[in-house]
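[1] Predicted structure and sequence below. I'll ask about it afterward.
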Amino acid sequence: MKTSDEKAARAARLGLTRRALLRDGALSLGVFGALGAVGFRGSRAADVAAQSAPFVMIENFSASGQSQGVVRLAKVRKTDAEWRKQLSADSFVVTRQAGTERAFSAPSQHADGLYHCICCDTVAYDSRTKFESGTGWPSFWAPKSKHNIVEGADHSYGMTRTEVSCALCDAHLGHVFDDGPQPTGLRYCMNAVALRFAPRA
């Protein structure tokens, strides 16, 4: 049984830790904002992969966007060194370290097609649900399949947001917000460097 003094001391230590985390997060955000570079908040994707199930259900699609059914696949797991060989520097920071690309850093894409995860090629979005949000990031009002993405709480930088990751490889793709158009009212705000566009067959 902890004494009241021990409980008070523990609470004080926790309070100090929380303040330090908030301070460091704010400082990191300020530095990346000043540099105008792609920012990141640590290698969180590896932690997610370590805790996730070894198999997931993924919906496959043809090049024309037609569903080919849901299949059970083994999670894609690679070392940071392997991901670095496969990805560009910006794609690695965004997808494997949960970074965010600069707004308006990618050319606007209006062609008809599918958007695949840059890491494992899972189909994530369809251009038919894409819209111009004015934010500077590719935005969609729905994913191609709920099987292919995972949503989770993101408490970085003193904010609470809903993070969107690839279900197959845990790549950080972006965040989803509730200020999008109908029919869903959602805005899946994605990083362009986390996606590969393929024209519809």
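    Everything's here; your move.
[2] and residue 83, helix, strand or coil?
    Using DSSP: H, G, I helix; E, B strand; the rest coil, the structure places residue 83 in helix.
[3] Point me to the helix or strand that includes the closest residue to it other than its chain neighbours.
    Spatial nearest neighbour of residue 83, chain neighbours left out: residue 96 (5.1 Å); criterion: Cβ to Cβ, 6 or more residues apart in numbering. From N, CA and C alone the C-beta is placed, and that goes for glycine too. Remark: residue 96 resides in helix 89-97, with elements defined by DSSP states H and E.
[4] elements contacting that helix?
    helix 44-51, helix 80-86, strand 172-177 (3 or more Cβ pairs under 8 Å, 6 or more residues apart in numbering; DSSP states H and E).
[5] Test my guess that residue 88 contacts residue 194.
    No: here residue 88 does not reach residue 194: they are 10.8 Å apart, not a contact under Cβ atoms under 8 Å.
[6] Model confidence for the residue nearest to residue 74 when sequence neighbours are not counted, exactly?
    Distance criterion Cβ to Cβ, 6+ apart; nearest residue to residue 74, sequence neighbours excluded, is residue 55 at 5.7 Å. Turning to residue 55, the model gives it a pLDDT of 96.
[7] now residue 55: how far from residue 77?
    Applying Cβ to Cβ, to the nearest Å, the value for residue 55 to residue 77 is 12 Å.
[8] for residue 85, same thing?
    In this view, residue 85 and residue 77 are 15 Å apart by Cβ to Cβ.
[9] Also residue 56?
    Distance, residue 56 to residue 77, by Cβ to Cβ: 12 Å.
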